[in-house]
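1. Give me coordinates for this.
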Amino acid sequence: MERALKHKFTVGSNVYFTASNVSRPAATGTYEVIRLLPTEGDDCQYRIKSSSEAFERVAKESQLALT
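-> Sure thing, here's the model as predicted:
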């Protein structure tokens with residue numbers, strides 16, 4: 001039986017995003033969690049937004065830390 005992963009952060013949390021060197025370039029910094037997304041593999045995902053950007057990003061939990 002598979003164990004469901006639980007999101008570590010909640011909507012409205014301020015998190016520090018560290019961009020992955022493998023994926024597309026992204027601005028490292030402070031973001032707000034906008035929405036919880038389904039897990040991908042063994043990592044929870046989030047939709048995050050920076051106050052300095054006009055768009056939202058998708059980030060894996062392993063790329064985030066509490067500010």
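2. Could you use CA atoms for every contact and neighbour count after this?
-> OK.
3. what are the pairing partners of the longest strand seen in the chain, and which direction each?
-> In the chain, taking DSSP state E as the definition, the longest strand is strand 29-40. Strand pairing for strand 29-40, determined by DSSP bridges: strand 14-17 (antiparallel), strand 43-49 (antiparallel).
4. got these as CSV, with mean pLDDT and mean neighbour count columns?
-> Below are those laid out as CSV (pLDDT from 0 to 100; neighbours: other Cα atoms under 10 Å):
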stretch, mean pLDDT, mean neighbour count
strand 14-17, 97, 20
strand 43-49, 96, 20
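5. Of all those, which one is nearest I34?
-> With Cα to Cα as the measure, strand 43-49 is the member of the strands paired with strand 29-40 nearest I34 (5.3 Å).
6. And the next helix or strand past that closest one?
-> Going down the chain from strand 43-49, the next helix or strand is strand 56-60, by DSSP states H and E.
7. which outside residues touch that next one?
-> With Cα atoms under 8 Å, 6 or more residues apart in numbering as the test, strand 56-60 has contacts from F17, D43, C44, Q45, Y46, R47, I48, K49, S50.
8. which residues sit in contact with the fifth one?
-> For Y46, the contacting residues are V33, I34, R35, L36, L37, V58, A59, K60, E61, by Cα under 8 Å, 6+ apart.
9. got it, and the last one?
-> The neighbourhood of S50, defined by Cα under 8 Å, 6+ apart, consists of G29, T30, Y31, E32, E56.
10. Quick one, which of these are buried?
-> Buried members of these, counted by 16 or more other Cα atoms under 10 Å: T30, Y31, E32.
11. so how far is T67 from the last one?
-> What that stands for is E32. Separation of E32 from T67 (Cα to Cα, to the nearest Å): 10 Å.
12. cool, R47 as well?
-> From R47 to T67 the distance is 17 Å (Cα to Cα).
13. F9 now?
-> Relative to T67, F9 is positioned 11 Å away (Cα to Cα).
14. Looking at those two, which is more packed in?
-> Relative neighbour count places F9 above the other of F9 and T67, with 19 against 11, counting by other Cα atoms under 10 Å.
15. Am I right that that one is in a strand?
-> No. Counting by DSSP: H, G, I helix; E, B strand; the rest coil, one finds F9 to be coil, located in no strand.
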